[in-house]
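Q: Would you be able to build a 3D model of this:
(4 chains)
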Number of protein chains: 2
Amino acid sequence: MSSMTIEEVSTAPRMRAADRRELILEAATAVFGAKTYVGTTTDEVARAAGVSQPYVVRLFGTKEKLFISVIERAYGRLLDEFRRALPGDAEGRSERMGTAYTGLLVERGMLSVIANSTALGGEPEIGRVARAGFSEIWRFVREDAGFSAEETRAFMAQGMLINTIVGLRLTGDYGTETAATEVLDTCFVDSVEKARNLMPEAGEPW
Amino acid sequence: MSSMTIEEVSTAPRMRAADRRELILEAATAVFGAKTYVGTTTDEVARAAGVSQPYVVRLFGTKEKLFISVIERAYGRLLDEFRRALPGDAEGRSERMGTAYTGLLVERGMLSVIANSTALGGEPEIGRVARAGFSEIWRFVREDAGFSAEETRAFMAQGMLINTIVGLRLTGDYGTETAATEVLDTCFVDSVEKARNLMPEAGEPW
DNA sequence: TCTGCAAGTAATCATCCGATTACAACTCAG
DNA sequence: CTGAGTTGTAATCGGATGATTACTTGCAGA
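A: Numbers count the residues shown, from 1 in each chain, chains lettered A, B, ... in the order given. Modelled structure (predicted):
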C-alpha cells in the first residue's frame, strides 16, 4: 500500500488461438527461413511473435510439428501464387510463374523455408511433408500449367538455383564479383534491381 | 596384482596428425552431409572417425572451423572431378561434367555438404567460404569449360535440382510416385538405376 | 638411453534448449 | 454475477553439446 507498483503489461493482448497460430506461423517462417530448422529455437520464434516460449510449444505440440505447419503453409502459399499466375497466354506462363516465385520473397522466409525443407528428406516426419510439397508443385506445373516433363525439369531446376542465390546471399556481391553478377543477370534478366531489393543481405540472418 | 585386468585398446592407433585430419574430414563429410551443419554434433563426427570428441575439437579449433574445412575440401574435390571431365569433344562436355557431379555421390555426404553450404550464406564465416566455393565453380564452368553465361546458368540450376533430389530422398518414391519418377527420369535419362543406387534412402540419414 | 614433443583420452563444465508444470487473468454463457 | 473454459506466463527441469583441463602414452632424435 505504501508504494504503487507500475502495472507491467507482461502478457500479450488477448487473441483467439486461431489468430495467434497464424501470427506465430508468420513469425516462425521468418525465423526458420533465416536460421534453418535445426538452428532455430522455439524461444526465438516466440519472441518474434511476441508471446512466451511455452505457449508456442503448447499451441503446436513440438518444434517439429511447428516446422511442419510452417512448410505446409509455405507450399500452400506457393501453389496459390502459381494458380494466380496461370491465366493468360501460354508462352508467357513460365515467366509469370517465375515472377510469382520470386514475388514470394516479400513474405519473409517463405522461399528459404521451402529450400531448407528440401534438405531434410532424412527426417522421417518432415521428410514426408517436404516430399509431398515438392510432388504437389511438380504435379501442378506438369498438369495444371501444362508443361512437358522436360519443361518442368528446367523450371524446377531454375527455382532451385534461385533458392541457392537467396541462401548464399549472393546479391551482396553483385557488381563486385563476376559469378554473382552473372548468375543474377541471367536469372533475373531485366529485373535484377527488383530482385536484389527483395533478398536478404550477407550480414547475417534476414 | 591379484587380478589381471584386460588391457583395453582404449586409444586409437597412433597416426600422424595430418593423416588423422584427413580421416576426420572424410568422416565429418558423411555426418554433416547426413544431418546438416547445425544438426551434427562433434561427438558424432568423432565416433565416426574413431577418435574422441575433444581430439576433434583440438585438431580443428571449433565445430565451425571443422565444417569450413569440410566444405573447402568438398568444393576442391568437385573441381578436381570437373577438371578430369574436361578433355574430349566439346558437345559431350556438359554431360561428362554432369556425370562427374553425380559420381561424387559415392563419396558419402559430399554433395549434401555442398548443398547444405548453399543454405548458410547468413553465417558470417561459413557464408564467405560457401560463396567463394560457388563462385569458383561458376568461374570454372564459364571459363575453363567454355560455357556461355546461359549455359552455365542451366548447368548450375541442374546441379541444384540434383541436390534437391538427394536432399529430399526422392529415389525411394521412384516407380510409386509420379513426380519422383518423372524428375529422376528427366534428370538421369538412361542411368536412373545407377543414380538410385548411389543415393541415400528415405529411412533417415545415410 | 632418456627426454621432450606429438598424439590421444577421460572427466568435467557451463550453457542452451525443448518441454512440463503450475498458476494467473480474461471473457462470456447462463 | 459467477464460474468454467480459454488465453497466456513464470519457473524450472533434464538432457544434450561444444569446449576446456589435466592427464597418459608412444616415439624419434641427441
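
Q: Can you name the next helix or strand after the helix ranked longest in chain A?
A: Using DSSP state H to define each element, chain A has its longest helix at helix A:63-85. As assigned by DSSP states H and E, the chain's next helix or strand after helix A:63-85 is helix A:93-103.

Q: Now the element after that following helix, going C-ward?
A: helix A:110-117.

Q: Helix A:93-103 and that next one, what's the angle between them?
A: 90 degrees (axes from the mean of the first three to the mean of the last three Cα atoms, to 10 degrees).

Q: Would helix A:110-117 count as contacting DNA strand C?
A: No. Contact of helix A:110-117 with DNA strand C (Cβ under 7 Å from any atom of the strand) is absent, the minimum separation being 14.4 Å. For every residue, glycine as well, the C-beta is placed using N, CA and C.

Q: which helices and strands does the next helix or strand after that helix pack with?
A: With elements assigned by DSSP H and E, the helix or strand that comes after helix A:110-117 is helix A:124-139. With contacts taken as 3 or more Cβ pairs under 8 Å, 6 or more residues apart in numbering or on different chains; DSSP states H and E, helix A:124-139 sits against helix A:63-85, helix A:110-117, helix A:149-168, helix B:149-168, helix B:178-187.

Q: Contact residues of chain A facing DNA strand D?
A: A:10-18, A:20, A:50-55, A:58.

Q: Give the ChimeraX command for selecting the buried subset of the residues you listed.
A: To isolate the buried ones among the residues of chain A next to DNA strand D in ChimeraX, judged by 16 or more other Cβ atoms under 10 Å in any protein chain shown, type:
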select /A:20,51,55
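
Q: thinking again about what came up before, Throw the helices and strands packed on helix A:124-139 into CSV and include mean pLDDT and mean neighbour count, thanks.
A: Formatted as CSV, the helices and strands packed on helix A:124-139 follow (pLDDT from 0 to 100; neighbours: other Cβ atoms under 10 Å in any protein chain shown):
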stretch, mean pLDDT, mean neighbour count
helix A:63-85, 98, 19
helix A:110-117, 97, 26
helix A:149-168, 98, 22
helix B:149-168, 98, 22
helix B:178-187, 97, 20
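
Q: Which one of those helices lies nearest to A:Tyr101?
A: helix A:149-168 (5.9 Å; Cβ to Cβ).

Q: which regions of chain A sit below the pLDDT cut-off?
A: A:1-11, A:202-206 (pLDDT under 70).

Q: Now do the longest helix of chain A against helix A:124-139: the angle between them, please.
A: Using the same axes, to 10 degrees: helix A:63-85 against helix A:124-139 is 10 degrees.

Q: hmm, helix A:63-85 touching DNA strand C?
A: Yes. Against DNA strand C, helix A:63-85 shows contacts by Cβ under 7 Å from any atom of the strand at A:63-64.

Q: go on, stretch A:123-132?
A: No. Using Cβ under 7 Å from any atom of the strand, we find that stretch A:123-132 stays clear of DNA strand C, coming within 11.5 Å at best.

Q: Could you give the separation of that stretch from the chain centroid?
A: 16 Å (Cα atoms, centre = their mean, to the nearest Å).

Q: could I get it in PDB with only the CA atoms?
A: Output in PDB follows, covering the C-alpha atoms of stretch A:123-132 (Å, rounded to 0.1, in the frame of the first residue of the first chain):
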ATOM      1  CA  GLU A 123      14.000 -36.600 -41.200                       C
ATOM      2  CA  PRO A 124      11.100 -39.100 -41.000                       C
ATOM      3  CA  GLU A 125       8.200 -36.800 -40.500                       C
ATOM      4  CA  ILE A 126       9.500 -33.600 -42.000                       C
ATOM      5  CA  GLY A 127      10.800 -35.500 -45.000                       C
ATOM      6  CA  ARG A 128       7.400 -36.900 -45.800                       C
ATOM      7  CA  VAL A 129       5.800 -33.500 -45.800                       C
ATOM      8  CA  ALA A 130       8.700 -32.000 -47.800                       C
ATOM      9  CA  ARG A 131       8.500 -34.700 -50.500                       C
ATOM     10  CA  ALA A 132       4.700 -34.200 -50.600                       C
END
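
Q: since we're on A:Val189, how many residues are nearby?
A: A:Val189 is flanked by 9 other residues according to other Cβ atoms under 10 Å in any protein chain shown.

Q: Let me fix that, I meant to ask about A:Tyr37.
A: 24.

Q: Pretty sure it sits against A:Phe67.
A: Yes. Counting by Cβ atoms under 8 Å, A:Phe67 is a contact partner of A:Tyr37 at 5.3 Å.

Q: Mind listing the shared neighbours of those two?
A: Contact criterion Cβ atoms under 8 Å, 6 or more residues apart in numbering or on different chains; residues shared by A:Tyr37 and A:Phe67: A:Ile126.

Q: Next to DNA strand C, which bits of chain A? Give me the list.
A: So chain A meets DNA strand C at A:11, A:14, A:40-43, A:53-54, A:57-58, A:62-64 (Cβ under 7 Å from any atom of the strand).

Q: which ones are touching A:Val166?
A: With Cβ under 8 Å, 6+ apart, A:Val166 has these contacts: A:105, A:111-112, A:115, A:199-200, B:121.
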